[in-house]
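J.: Kindly generate the corresponding structure for this input.
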Amino acid sequence: MSNSDQAQGTTKRGGSDSAGGVQSVDRAITVLEILAREGSAGVSEVAAEVGVHKSTAFRLLAALEERDLVEQNHERGKYQLGFGVLRLAGAIPTRLDVVRQAQSVVDELAARLDETINVAVVRKHYAVHVQQALGSAAVASQNWVGQLTPLHATSSGKVLLAFMSEQQCHDVLDEAGLEAFTEHTITSRAALLEQLRQVREDGYATTFEEYETGLNAAAVPIRDHTGAVVAALSAAGPAYRMDQESIAAQIKDLEAAGAQISRRMGYFDRDPAPDQS
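T.: Take a look at the predicted model:
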């Protein structure tokens, strides 16, 4: 074999090894994502979802187990994430800043919906807006960043209230009260609690001129790596443009953006909603 033939053969083998290595890494990452989403899975389940033979899935799991990235749980044949994942996560800055994680998603959503998009968190018994992006149709909208708004009269506030513990929710309402800001503000605790139950069931909240006359909004939760709701993502606009019909059409985009930010915060939805397409 000539030197050129040998060089060519080496290049081909190197390219193949490289491609195979990338594929293995991709499969290993997919395995970790499956276990993060499902909590635990067996070899057959992993093989089926990754699209490989059971022997390949077993080798992937064994390699990850050797690095403490996965471990077998007490249910025979099932694997779950191992403590090695925590070591890797510990190399990330300890505070995953929701503002930093949400920035590009908020900007994209504002452009898509052409409305004002906000991220809000709880501060004492208020919702405080920490981020905002404007669509072209919302150039004259108020700057909400830094503003404290009532939890019971805003869509973001309702989301934040809905996912508190029952005791925390009552404590916050005891301190805040239920001030009427417009004729549409909910001032009955029983009515508000029923609406919060509906928010948990639906996965989103709406307000129709409850805080400001002429202003409607919808909001969805943002979760952290533990699944706790740490913020709310909202879209707001004038009532003549954001009526019930237009909000209903925007909810899927809002939910998708909230889920994207949540994933950036480390959250894996282990019980995703069925595909409606």
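J.: can you give me the strands in the stretch 151-277 of the chain?
T.: 205-208, 215-223, 229-238 (DSSP state E, counting those that start in this stretch).
J.: mind putting these in JSON lines, mean pLDDT included?
T.: Listed next are the strands of the stretch 151-277 of the chain as JSON lines, based on pLDDT from 0 to 100:
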{"stretch": "strand 205-208", "mean pLDDT": "96"}
{"stretch": "strand 215-223", "mean pLDDT": "95"}
{"stretch": "strand 229-238", "mean pLDDT": "93"}
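J.: Tell me the spacing between residue 212 and residue 163.
T.: Remark: distance between residue 212 and residue 163 (CB to CB, to the nearest Å) = 24 Å. The C-beta positions use only the backbone N, C-alpha and C, and glycine is treated the same way.
J.: For residue 78, give me its contacts.
T.: Shown in contact with residue 78 (CB atoms under 8 Å, 6 or more residues apart in numbering): 40, 41, 42, 72.
J.: now do 6 Å
T.: 40, 42 (CB atoms under 6 Å, 6 or more residues apart in numbering).
J.: wait, which of the strands of the stretch 151-277 of the chain is closest to residue 153?
T.: strand 205-208 (6.7 Å; CB to CB).
J.: so how far is the closest one from its chain's centroid?
T.: Put simply, strand 205-208 sits 20 Å off its chain's centre (CA atoms, centre = their mean, to the nearest Å).
J.: Any chance you could list what contacts that strand?
T.: Residues outside strand 205-208 that contact it (CB under 6 Å, 6+ apart): 154, 155, 158, 159, 199, 216, 217, 218, 219.
J.: got it, and stretch 161-170?
T.: For stretch 161-170, the external contacting residues (CB under 6 Å, 6+ apart) are 151, 196, 199, 200, 221, 229.
J.: again, but for stretch 252-262
T.: 101, 102, 105, 109, 112, 220, 222, 223, 233, 235.
J.: what do you get if the cut-off is 7 Å, keeping everything else the same?
T.: Applying CB atoms under 7 Å, 6 or more residues apart in numbering, the contact partners of stretch 252-262 are 101-102, 105, 109, 112-113, 203-204, 218, 220-223, 233, 235, 269.
J.: Compare those residues and tell me which has the most neighbours.
T.: Most neighbours among the contacts of stretch 252-262, by other CB atoms under 10 Å: residue 233, with 31 neighbours.
J.: Quick one: residues contacting that residue.
T.: 119, 219, 220, 222, 254, 257, 258, 261.
J.: picking up where we left off before, for the contacts of strand 205-208, which one is nearest residue 239?
T.: residue 216 (4.9 Å).
J.: Tally up the residues packed near that closest one, please.
T.: Residue 216, neighbours per other CB under 10 Å, totals 25.
J.: swap in residue 25?
T.: When neighbours are counted by other CB under 10 Å, residue 25 registers 10.
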